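>>> Pasting a predicted model and its sequence here:
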Amino acid sequence: MPTKKNIAIIMGGFSSEYEISLKSGNVVYETLDTTKYNGYRIHIFKDKWVYVDANNAEFPVNKDNFSVRVANRVITFDCVFNAIHGSPGEDGFIQGYFELLNMPHTSCDMYQAALTFNKRDCLSVLKPYGIKTATSFYLNLGDPINEDDIINKVGLPCFVKANKAGSSFGISKVNKKEDILNAIDIAFKEDDEIIIESFLDGTEVSVGVITYKGATKVLPITEIVSENDFFDYEAKYLGKSQEITPARLSKEEEDKVTILAKKVYEVLKMKGFSRTEFIFKDGEPHLLEMNTIPGLTKESILPQQAAAAGISLAALFDNAIEEALKQV
């Protein structure tokens, strides 16, 4: 019988999303095929990197080689399952670390993670490929703010977003001029760069694209219908939205967004999981952003989509590890 592989499931992180990451990581831990893998929960925070055992005892991680000593035994890992949303799991830092250690991991490469985590840069890179996006206005912390200039460029209502933050943290929908400054303050609490985008009034969809059995696979599309004014944190994580899979799109719309999501994944040379958000305006999908470490809880969109494609959570996670091990 082949030896079981040791899998480090990294979770936590440095951002407001750490609680969601812990949930995602625990779902991976509970779901992994125990006949093939030994799963180890690794919590990564600014002040500690620790292995957390079944009794919640903590053992420090040796950052020199990403190993753990438990009693007199040193545990090393065959592969890392990345379940950290936000920094450092989704912005390229952890990818660079594991690439230096030559350790396989389930996420995309360092550059792709850094690029997609920066909404402004990602949209700029994709524009020459004919990918449609909302009209946008950029602000950095310390820039002079002129509300009229912003409104002249993007109109009202508009969205004010932190440029590098996930899970809808730091996002506000602004309907009137006097609310712009407050929305900017909220966004600057999450990041020192802001993107302000025109409001696209249309069907919002989320498209999971993964590398599955060696090929790019577009999963069934999810339509997002938020009870709140937009798909904010509450809508995303606290049940204040309807997520309809498959989305209620015409065949033409479905084909357009499927082709586009696959194109974005391949143009960016992505690997592993991704979830890309689009809004239809005048029948055309406009790209909002790409997430490279989407939520993996049972309620999360990508696992719902995989289930609709007939892929169980165990098969989804197993495939991610197998694809990562191929890269060695």
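Received the coordinates, thanks.

>>> What ranges does the stretch 1-150 of the chain have for its strands?
Assigned by DSSP state E, counting those that start in this stretch, the strands in the stretch 1-150 of the chain fall at 5-12, 37-44, 49-52, 58-62, 67-70, 73-75, 79-82, 136-140.

>>> Could you do the stretch 201-328 of the chain as well?
Going by DSSP E, counting those that start in this stretch, the stretch 201-328 of the chain shows strands at 204-212, 215-218, 222-226, 241-244, 274-281, 284-291.

>>> for these, which one ends up most surrounded?
Counting by mean count of other C-beta atoms under 10 Å, strand 204-212 has the highest mean neighbour count of the strands of the stretch 201-328 of the chain, with a mean of 24. Glycine gets a C-beta too; all of them are placed from N, C-alpha and C.

>>> Show me what it pairs with in its sheet, parallel or antiparallel.
Counting by DSSP bridges, the strands paired with strand 204-212 are strand 215-218 (antiparallel), strand 222-226 (antiparallel), strand 274-281 (antiparallel).

>>> Report the inter-axis angle for that strand versus strand 284-291.
For strand 204-212 against strand 284-291, the angle by axes from the mean of the first three to the mean of the last three C-alpha atoms, to 10 degrees is 60 degrees.

>>> Using PDB, write out every CA atom in strand 204-212.
These are the backbone C-alpha positions of strand 204-212, laid out as PDB (Å, rounded to 0.1, in the frame of the first residue of the first chain):
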ATOM      1  CA  GLU A 204     -24.100  39.400 -11.200                       C
ATOM      2  CA  VAL A 205     -22.500  36.000 -11.600                       C
ATOM      3  CA  SER A 206     -19.700  34.100 -10.000                       C
ATOM      4  CA  VAL A 207     -17.700  31.700 -12.200                       C
ATOM      5  CA  GLY A 208     -15.500  29.000 -10.700                       C
ATOM      6  CA  VAL A 209     -12.600  27.900 -12.900                       C
ATOM      7  CA  ILE A 210     -10.100  25.300 -11.800                       C
ATOM      8  CA  THR A 211      -7.500  23.000 -13.200                       C
ATOM      9  CA  TYR A 212      -9.200  19.600 -13.000                       C
END
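
>>> Confidence-wise, which helix or strand of the protein is lowest on average?
One helix or strand of the chain scores below all others by mean pLDDT, DSSP states H and E: helix 233-237, with a mean of 48.

>>> Need the residues that contact the top helix by length along the chain.
In terms of residue count, the longest helix belonging to the chain (DSSP state H) is helix 251-267. With C-beta atoms under 8 Å, 6 or more residues apart in numbering as the test, helix 251-267 has contacts from 126, 129, 131, 203, 205, 207, 209, 216, 218, 221, 246-247, 249, 274, 276, 278, 280, 283-285, 287, 290.
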